[in-house]
Structures are given as structure tokens and as C-alpha cells.
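>>> Take this sequence and fold it.
(chains A and B)
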Amino acid sequence: MKKLAIVLLALAALPAFAKDQLHLYNWNNYIAQETVKRFEDFCKCEVVQTYYSDNEELLAKLAAGAKGYDVLVPTGNAVQALIRGSQLKPLDKKELPNLKNVDPTYLNTPFDPDNKYSAPYAMSMTILGYNEEKMKELGLPTDTWAAIFDPKYLAKVKGRVTVLDSPDELFAAALKYLGYSANDTDEKHWKEAADVMRKAKPFWAAFNASSYIKELTVGNIWLVHGYSNDIFQANQDAQAAGRKFHIRQGLPKEGAVLAVDSMVIHKAAPRPDLAHKFINFMLDGKNSAELTNLIGSGNPNLDAQKYIKPELKANPAIFPPKDVQAKLEQLQDLKPAQRRLRSRLWTEIKAR
Amino acid sequence: MRKRSPWLWVCALVVYAFLYLPLVIVVVYSFNDSRLNAEWVGFTLDWYRKLFANDEMLLAAGNSLLIAFVASVVSTILGTMAGMAMHRYRLRLLPILVLTPIAIPEILMGVSLLIFFVLLNFTLGLVSVALAHISFCIGFVAIVVRARLSGMDETLVEAARDCGASPLQAFAHVTLPLIMPGVIAGALMAFTLSIDDFVITFFTAGAGTVTLPLQIYSMIKIAVTPEVNAVSTLLMLLTLLLIVIASKVSPSLLRSNQEKAPS
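Numbers count the residues shown, from 1 in each chain, chains lettered A, B, ... in the order given. Down below sits the predicted model:
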């Protein structure tokens, strides 16, 4: 037993003697290998990544007091929660000259005025994904939320449509369809949105937030409400598997939900110096572009455009054109009373 | 052997199919030549090749094995001691202390352990995960060992003592061999519980500490590739190997009812 205790203690002390390390708490597959390698050469340090698969996971762990992370990459509303919980260290702008590369549209957000704490990393939009050949054959529109909400169109694709199993996302889409803001909290508008969903529900195959990419790729499902990165992935997989159709991203003209993941520094970061170096490095156009080339994520970095693969450049879901940008909205947190009301509406929709 | 009704066979078959078919599918699809793994495309060993080139996955698997090994050894020793104590002495508090970690929801245990480690200013890492795993495995080992002890004939120990064995000798030569199947079963249980634990590991793992369940779970967002099937297949093989070894070491483990002490 004593020996074991000594071994355990030695293991505990081990990291203290290791070389310089940057601890990055990130989504899985959310940075290109070659980018990591280049940064390691640049800073003469090692990047140690740990992954989370959900913003709530990250928030729960940090709220309980976990330490040791330098840079985190949470989504907008999670950044908001972290700021409120005073979990972040303010950014030192002098260390971040590359911040000027970011499209001003994505800076100075309501939840982090003047980007005191956060620097945009990458983004995704919640849009339509569709089987190009099937939708053409059926003559259905793919640039409007009506495609998943209007029974007149849905009748032709009954049982071939899935929507996200997420009240946040689906309510936002229905509100957009009705011409309201995605962050509208008017109870009357919510009831209208719920009504739209109730009428459309019989035509949907499922509420699906996990396996819809697979279903779309295989060809079981022809139209989905999903995340732009996933839909991009679905097409890559479909082409790799030699399918006879293409999966395309459809950006609804009514606007959509935008989710911007931002780099922030944890207040207990062991190496804030490396953290700033890393953030500045990732704000460089070339490094930022590598992620987009890898997973087809939307890119808030104007300087990245010239490094993006030509076949991706024209994709409005990666660099949304100005007129679309104006209609994109980041979701904001609801107040507890509002959340309760919406949960009730959501349960009613799902139960019927 | 008496003749059994065909219904029994049908039922047994259905139950076994229910238990093992999913595992068979996981294994078969680890050889599937499709990244999406939605339907059978063709045979390939690519995923195994990719797996052995994937440092992150290997590191995670290595961490999982190390933690499971340490956790099962330590919790088997402590759990056996606890089981003995609960069997021999009529203690009120001990069973409660040892068995609550089994009943307590994992998430509560994970969060409270994390808060505890943070309070102590203990650096989260492999050690904190191993300690957490030991703490919830002890209870399972203790239960199995106690059950085995209560089926044991006490007079055998008394006879050994009468013949001049010291308490330690009596334990080493009489009690331990008799409860060995229970101890091994407990150790195997601890090993499996530790290797696939997600919730408690998630909370107690520090920056840069990845175990296999954490790694696999974080991949769900980007669609699970057959690499995960490949790593699961290897783990299944390992578990199978452990069971085979255990049954060789203690042949009575897999058919323990034959030598149960007459009560």
C-alpha cells in the first residue's frame, strides 16, 4: 500500500516538471492538426486538449470549481453565463493585434460589449439541409422556413423531414418563419409559433438532433433542420461513399440562428501568457481558415477568406453575405419564468 | 440430463440474442468500409490501422486501462477488508458508509468529489480519477465478498485455529481460498465499472486527462466513426481474456453453485 501511495504521489507531481503546456478545453475535432503543430513550433510549448460535447458540460464543470484550463471555446450564451459567473479573465488587447481581422459584425455583441472577454473563433448557423436531387424533383423551395413548416410543401415530403430536438432552435426557426425575432419573448408570438409547429408535426419523421446527419447521408431523409457544419459533413460523407445525390445547405431568407464560438481565458488559467499567444495565433487568417477547410464551419475572420478552399468560398453558410448577416441572430438566455412557459408549450407539441 | 421443453431453448436463445447481438454488430461494423457506418459497405481493416495511428485515442485507452487496473486492485483489497468486517462484526455504521456510494446518484458523487478535490487544492488528473473510482468500487467488491462469506462454513476457520493456525494463517490458507471466487468477481466488477464510467470521471478528470469514455462521448457531436467500434472490439477482447484468465485461476468462479457449502 505504501509503495502504491508513493507511485500515486509521483504521478501527481509529474505534470509540474513537464515542459510548457497550453491547456485547451475545446469541442472535439474543432482545430486542424496542422494548426496545432504550427502553434507548438511557434510557442515552443505543447498543446494539451480536453474535450466537451455540450456547453452545459463545460459550465457545470467550471461552476463546480475545476481548474487547469487556459483557453475555452464556448458558444455565445455560454460566454454570457461565464461572464455573469465571473469565471473569465479579461483579454489584454495589446497582446491580440490580430483581433482587427475579425469582421466587425461579430464583435461588440450584447453579451460581451467591446469584447472585454471573448474573441470570435468560428461559427455555425441553424439552417436547412436538403437532398438536392430529391428537392428539385419535387419542386420544393429550399430558401425558406416554409419548407419545414408549411403543410402545403410538407405534404410532398411527408416522413422525410426531421427537425432538431431542441426547443431553443425550433422555436427560433418558427419565430423567424412568422417574421419575428428569434429572441422574441412575447407570449402571444410563442403561441403562434407553437401553432405552426403543431400543424407541421404530423409531416415530420422525427425530432432528431443526433443521427439526422447519417439519415441525410444515407438518403432516408431528404430535408432537415440542422447545423451548417453537420450538413457540410453530410455532403462530404455522401460523396465519399459515392452516393448519387448531393446534400446542400439552404439558408432561409427569413434569417436564422447564428452560434458563434468564442475563445475566452479562464480566470484560473495557469498560463495566461500562452493563452493570449494562442488566441492571437488563431485570429490569424491562415490558421482560422484551416478549421473552415476541415469542417466547413462559418468563419468570422475576414482575413481568412483568401485561404479558404475555392469550392467553399461561395458558400453563404461560411461567409454569409451582408444582407443575410443582418438577419442572423445569436440566441440569448431566457429568464426562468419564460423558460418554464416555453417548456410547457414544447411538451404540449411533443406529446400530441 | 432431463429432457427440457423446446420453449426453454427458445427463451434462452432469445435472451442470449438480446444480450449479445448488439455486441456482435459492434464488432462486425468495426470492419465496415464506411466512415458513417450506417450500412454495410465492404470489409476493411482501415479502422484498426487508423486507431493504432491515433495518439489521442491510444492515450485515452492507456489512461482507462491504467486507472481501471489501479482502481480494481486497490478497491479489491479495501473492499475485501470491508466485506470481512461487515460479515464478522455487527457494525451499524460501516455497511452504510461502504454501501452508500452504490446507491448515491453518480452525478451527485461526481460533483461532490470535484468540490472536495477543489477544496483540498488537489490537482485534478489521473490520480483524482483513480481515487474517485476506488471510492465507488469498494462498495461493489464488499457486497460480493460479504455474500460469499455468508455462504461459507465458519467451522472450517475454527478448525484451522484449533489446529494451531494464527489468525493470519487461517485467513491466508482457509478463508481467502474459499472466498476467492467472490474476490475475483469483485475485482472484475470493479475493473468493468471503472473502465466504462463516464459521469464521475467527467467531473474528476483534470485538464488534459482523457479516458476512453470521455473521448468517445466528445466524438458524438461529429458522428461516431468505426474507429470507436474498433476500440470497443479490442476492449471486449480484453474483457474476454480477463474472464478466461479468471476462470483458469479459479475454475469454480464460473460454476460456483457446485461447491457451495451445505447450509
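>>> At the contact with chain A, which residues of chain B appear?
Applying C-beta under 8 Å from any C-beta of the partner chain, we find that chain B lies next to chain A at B:34-36, B:38-39, B:41, B:56, B:70, B:74, B:77, B:111, B:114-115, B:118, B:122-127, B:130, B:202-203, B:205-210, B:214-215, B:217-223. Every residue, glycine included, has its C-beta placed from N, CA and C.
>>> now these: which count as buried?
B:34-36, B:38, B:70, B:74, B:77, B:111, B:114, B:123-127, B:130, B:202-203, B:205-210, B:214-215, B:217-219, B:221-223 (16 or more other C-beta atoms under 10 Å in any protein chain shown).
>>> Could you pick out which of these are located in helices?
B:70, B:74, B:77, B:111, B:114, B:126-127, B:130, B:202-203, B:214-215, B:217-219 (DSSP state H).
>>> of these, closest to chain A?
Nearest to chain A, judged by C-beta to the nearest C-beta, of these is residue B:218 at 3.5 Å.
>>> Just give the closest residue to that closest one, not the sequence neighbours.
Among residues not flanking residue B:218 along the chain, residue A:51 sits closest, at 3.5 Å (C-beta to C-beta, 6 or more residues apart in numbering or on different chains).
>>> residues from chain A in reach of chain B?
So far as C-beta under 8 Å from any C-beta goes, chain A lies against chain B at A:1, A:4, A:8, A:11-12, A:15, A:21, A:23, A:25, A:27-29, A:48-53, A:57, A:60-61, A:64-69, A:210, A:213-214, A:217-218, A:233, A:237, A:240-241, A:295.
>>> Show me the domain layout of chain A.
Split into domains by automatic domain parsing, chain A comes to A:19-123+A:260-318, A:124-257+A:331-351.
>>> want to throw these into JSON lines with distance to residue B:52?
Listed next are those as JSON lines, based on distance: least, C-beta to C-beta, whole Å:
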{"stretch": "domain A:19-123+A:260-318", "distance to residue B:52": "17"}
{"stretch": "domain A:124-257+A:331-351", "distance to residue B:52": "22"}
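>>> List just the one of the ones you listed that sits closest to residue B:179.
Judged by C-beta to C-beta, the one of those that comes nearest to residue B:179 is domain A:19-123+A:260-318, at 38.8 Å.
>>> can you tell me the distance between the two ends of that closest one?
End-to-end distance for domain A:19-123+A:260-318, by C-alpha to C-alpha, to the nearest Å: 37 Å.
>>> distance between stretch A:201-212 and the chain's centre?
With C-alpha atoms, centre = their mean, to the nearest Å as the basis, stretch A:201-212 stands 20 Å off its chain's centre.
>>> Return the set of buried residues in it.
For stretch A:201-212, by 16+ other C-beta under 10 Å, it's A:203-205, A:207-209, A:211-212.
>>> Ok, stretch B:106-117 next?
Buried residues in stretch B:106-117 (16+ other C-beta under 10 Å): B:106, B:109-111, B:113-114, B:117.
>>> With stretch A:232-239 instead?
Buried-residue list, stretch A:232-239, by 16+ other C-beta under 10 Å: A:232-235, A:237-238.
>>> Kindly report the same for stretch A:289-297.
Using 16+ other C-beta under 10 Å as the test for burial, stretch A:289-297 gives A:289-293, A:295-297.
>>> isn't there a strand covering residue A:257?
Yes. According to DSSP: H, G, I helix; E, B strand; the rest coil, residue A:257 belongs to a strand.
>>> Count the residues that sit near it.
Residues lying near residue A:257 (other C-beta atoms under 10 Å in any protein chain shown) number 23.
>>> contacting residues around stretch A:247-254?
A:125, A:127-132, A:142-145, A:147, A:173, A:176-177, A:179, A:216-217, A:228, A:231-232, A:234-235, A:238, A:315-317, A:320, A:324, A:327 (C-beta atoms under 8 Å, 6 or more residues apart in numbering or on different chains).
>>> Which members of these occur in strands, if any?
Members of those lying in strands (criterion: DSSP state E): A:125, A:127-131.
>>> nearest to chain B, of those residues?
Proximity of the ones in strands among the contacts of stretch A:247-254 to chain B (C-beta to the nearest C-beta) peaks at residue A:129, which lies at 13.8 Å.
>>> Spatially nearest residue to that closest one, not counting backbone neighbours?
Nearest non-adjacent residue to residue A:129, counting by C-beta to C-beta, 6+ apart: residue A:231, 3.4 Å away.
>>> got a pLDDT number for that neighbour?
At residue A:231, the model reports a pLDDT of 91.
>>> so what's it up against?
Residue A:231 makes contact with A:127, A:129, A:213, A:216, A:224, A:247-249, A:317, according to C-beta under 8 Å, 6+ apart.
>>> List the contacts of residue 46.
With no chain named, the answer covers chain A. Residue A:46 neighbours (C-beta under 8 Å, 6+ apart): A:18-22, A:40.
>>> Chain B is the one I meant
Per C-beta under 8 Å, 6+ apart, neighbours of residue B:46: residue B:33.
>>> which phi and psi does it have?
phi -50, psi -40 (degrees, to the nearest 10).
>>> Tell me, how many residues neighbour the spatially closest residue to residue A:119 that is not a sequence neighbour?
Sequence neighbours aside, residue A:263 is the residue nearest to residue A:119 in space, at 4.9 Å (criterion: C-beta to C-beta, 6+ apart). Residues within reach of residue A:263, counting by other C-beta under 10 Å, total 25.
>>> Packing partners of the host helix or strand of residue A:263?
Taking DSSP states H and E as the definition, residue A:263 sits inside strand A:256-266. Applying 3 or more C-beta pairs under 8 Å, 6 or more residues apart in numbering or on different chains; DSSP states H and E, one finds that strand A:256-266 contacts strand A:71-72, helix A:76-84, strand A:88-89, strand A:119-131, helix A:167-177, helix A:272-282, strand A:328-330.
>>> Mean pLDDT, distance to residue B:186 and mean neighbour count for these - can I get that in TSV?
Conversion of these to TSV gives the following (pLDDT from 0 to 100; distance: least, C-beta to C-beta, whole Å; neighbours: other C-beta atoms under 10 Å in any protein chain shown):
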stretch	mean pLDDT	distance to residue B:186	mean neighbour count
strand A:71-72	96	40	26
helix A:76-84	90	41	21
strand A:88-89	96	45	20
strand A:119-131	94	47	26
helix A:167-177	94	44	24
helix A:272-282	96	45	21
strand A:328-330	91	52	20
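>>> mind listing what's buried in the strand holding residue A:263?
By neighbour count on 16+ other C-beta under 10 Å, the buried set for strand A:256-266 is A:256-266.
>>> Quick check: end-to-end length of stretch A:51-60?
Per C-alpha to C-alpha, stretch A:51-60 runs 14 Å from first to last residue.
>>> Which residues outside it are in contact with it?
A:25-28, A:61, A:72, A:74-75, A:77-78, A:81-82, B:111, B:202, B:210, B:214-215, B:217-221.
>>> where does chain B have low pLDDT?
B:1-2, B:36, B:38, B:220-223, B:249-263 (pLDDT under 70).
>>> make it 50
B:256-263 (pLDDT under 50).
>>> now stretch A:29-37, how far from the chain's geometric center?
17 Å.
>>> how far does that stretch stretch from start to finish?
Note: stretch A:29-37 ends 14 Å apart using C-alpha to C-alpha.
>>> buried stuff in that stretch?
In stretch A:29-37, counting by 16+ other C-beta under 10 Å, buried: A:29-32, A:35-36.
>>> out of these, which are inside helices?
A:35-36.
>>> Of the buried residues of stretch A:29-37, just say which sits nearest to residue A:111.
Of these, the one sitting nearest to residue A:111 (C-beta to C-beta) turns out to be residue A:30, at 20.9 Å.
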